[in-house]
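J.: okay, here's the prediction I keep looking at, along with the sequence it came from:
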Amino acid sequence: MDAPEEDLDAKIARLAAALREREQLGPRRAGITAAITQVTGELNELRSRLAAEEQDVGRLEGFSVGRVLATLRGVHGRSLEKELGEAEQARERVAEAHNRLDVLHSQLAQVTARLEATSTAPATYAAALAERERRLREAGDGPGRRLAGLAAEREEVRADLHRLQWLASIAGRAAEALREANELLESADGWSSVDTFLGGGAVSSHVKHERMDEAAGHLAGAERLLRALRDELGAGDLGTPAGPEVGDTTRLVDVFFDNIFTDLDVRSRIDEGLAQVGRAAVRVRDLRTSLAAQLSERRAELRTIEAERAKLLGSGVEDA
């Protein structure tokens with residue numbers, strides 16, 4: 001049996017108040033935590049100063065021939081009095097910082113306790129709103145019809161958001177794979193310069209091909225990701241680079257015989273690979289920008305839908 005409408009209204013009002021409180025407590029906890037960090041740093045510095053002042057006092061209070069002579073001249077007494085005064089001031093500042101820190105920790109404990117006490121409010125509030133929405137939609141008149149339409153719109157926007165977030169994640173991973181491939185090809189290009197113009201030899205040729213092989217692995221990963229984007233979006237060519245392919249024979253000659261002709265050939269293929277990676281990276285960057293804009297637009301639509309729904313349900317949260 002449904003709970004009385006009055007009980008549901010009171011429950012929603014109470015939970016809405018708890019949500020407004022949580023919205024205020026979150027930033028407050030962050031501010032208190034930052035203040036604790038700052039005061040803790042100040043306290044540590046003050047403790048260091050106090051230790052130094054107490055060390056000065058201890059040195060002046062120690063017995064020495066110099067102290068006896070200084071006492072006879074009246075200098076020691078004035079110096080000791082000064083150091084004792086400075087040490088006392090340092091102790092007072094340490095005590096004050098301790099007190100401030102205790103107050104902050106007490107405030108943090110209170111805020112944390114309230115956040116824990118209202119931790120179930122968001123889920124309970126959502127369930128209460130859903131119950132009210134169900135009742136209004138079952139009534140079939142007034143706000144019930146509009147709520148039914150909003151529910152359909154909300155599900156559509158949420159589905160779009162899920163899809164766009166998935167695409168943005170894939171595009172981000174593709175961009176990272178292209179970035180790593182570009183770095184490796186640039187490294188290979190540097191070793192290729194050593195090989196071609198400085199007579200690097202077998203070692204530099206080996207490192208060059210090692211970088212190229214690693215780049216090829218990242219490019220293969222980028223190809224898989226970009227293929228998924230093309231299939232989902234129906235997009236045209238995203239400029240997926242195949243990477244600088246070098247046959248086994250060319251690789252063998254380049255590493256073990258190291259002549260200018262194979263060096264130039266491999267260098268040309270590296271340059272071509274860098275150009276392809278650059279073009280693909282630009283297209284992926286543009287795609288990510290477009291996806292980010294679409295995500296922002298759909299999130300704004302969802303906020304509008306949720307605000308209208310909350311108003312129809314009379315939640316009162318929008319007034320917070």
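T.: Received, thanks. Numbers count the residues shown, from 1 in each chain.
J.: can you pull out the helices in this structure?
T.: In chain order, the chain shows helices spanning 5-61, 65-73, 75-117, 121-139, 143-197, 202-233, 248-256, 260-313, with DSSP state H as the criterion.
J.: for the fourth one, name the packing helices and strands.
T.: For helix 121-139, the contact count by 3 or more CB pairs under 8 Å, 6 or more residues apart in numbering; DSSP states H and E identifies helix 5-61, helix 143-197, helix 260-313 as packing neighbours. Where you see a C-beta, it was placed from the backbone N, CA and C, and this is true even at glycine.
J.: of all these, which one is nearest residue 229?
T.: Distance to residue 229, taken as CB to CB, is lowest for helix 143-197 among these, at 5.8 Å.
J.: now do that closest one and helix 121-139, the angle between them.
T.: Using axes from the mean of the first three to the mean of the last three CA atoms, to 10 degrees, the direction of helix 143-197 lies 130 degrees away from that of helix 121-139.
J.: next, the angle helix 260-313 makes with helix 143-197.
T.: With the same axes, to 10 degrees applied, the angle from helix 143-197 to helix 260-313 works out at 170 degrees.
J.: what is helix 143-197 packed up against?
T.: For helix 143-197, the contact count by 3+ CB pairs under 8 Å, 6+ apart identifies helix 121-139, helix 202-233, helix 260-313 as packing neighbours.
J.: avg pLDDT for the second one?
T.: Per-region confidence: helix 202-233 scores 77 on mean pLDDT.
J.: repeat that for the longest one.
T.: Helix 260-313 shows an average pLDDT of 83 in the prediction.
J.: and that helix, what does it pack against?
T.: Contact partners of helix 260-313 among helices and strands, from 3+ CB pairs under 8 Å, 6+ apart: helix 121-139, helix 143-197, helix 202-233, helix 248-256.
J.: okay, these in CSV with mean neighbour count and distance to residue 278 next?
T.: Formatted as CSV, the entries for the helices and strands packed on helix 260-313 read as follows, by neighbours: other CB atoms under 10 Å; distance: least, CB to CB, whole Å:
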stretch, mean neighbour count, distance to residue 278
helix 121-139, 16, 46
helix 143-197, 18, 7
helix 202-233, 18, 13
helix 248-256, 14, 24
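J.: nearest to residue 29, of those?
T.: In this view, these are compared for proximity to residue 29 by CB to CB, and helix 121-139 is the closest at 15.7 Å.
J.: next, the angle helix 5-61 makes with the closest one.
T.: 170 degrees.
J.: so helix 121-139 versus helix 75-117, what angle?
T.: Interaxial angle of helix 121-139 relative to helix 75-117 (the same axes, to 10 degrees): 20 degrees.
J.: gap between helix 121-139 and the chain center?
T.: Using CA atoms, centre = their mean, to the nearest Å, the distance from the centre of helix 121-139 to the centre of the chain it belongs to is 34 Å.
J.: likewise stretch 19-34?
T.: Here the centre of stretch 19-34 is set off from its chain's centre by 20 Å, with CA atoms, centre = their mean.
J.: quick one: mean pLDDT over it.
T.: Average pLDDT, stretch 19-34: 93.
J.: name the residues that touch that stretch?
T.: With contacts defined as CB atoms under 8 Å, 6 or more residues apart in numbering, stretch 19-34 is touched by 104, 107-108, 111-112, 114-115, 118, 121-122, 125, 317, 320.
J.: then it to PDB, C-alphas only?
T.: Included here for stretch 19-34 are C-alpha records, laid out as PDB according to Å, rounded to 0.1, in the frame of the first residue of the first chain:
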ATOM      1  CA  LEU A  19      21.000  17.600   0.000                       C
ATOM      2  CA  ARG A  20      21.300  21.400   0.300                       C
ATOM      3  CA  GLU A  21      23.300  20.900   3.500                       C
ATOM      4  CA  ARG A  22      25.600  18.400   1.700                       C
ATOM      5  CA  GLU A  23      26.200  20.900  -1.100                       C
ATOM      6  CA  GLN A  24      27.500  23.400   1.500                       C
ATOM      7  CA  LEU A  25      29.400  20.900   3.600                       C
ATOM      8  CA  GLY A  26      31.500  19.600   0.700                       C
ATOM      9  CA  PRO A  27      33.300  22.900   0.000                       C
ATOM     10  CA  ARG A  28      33.500  23.600   3.700                       C
ATOM     11  CA  ARG A  29      35.300  20.300   4.400                       C
ATOM     12  CA  ALA A  30      37.700  21.100   1.500                       C
ATOM     13  CA  GLY A  31      38.400  24.600   3.000                       C
ATOM     14  CA  ILE A  32      39.000  23.200   6.500                       C
ATOM     15  CA  THR A  33      41.300  20.500   5.200                       C
ATOM     16  CA  ALA A  34      43.300  23.100   3.300                       C
END
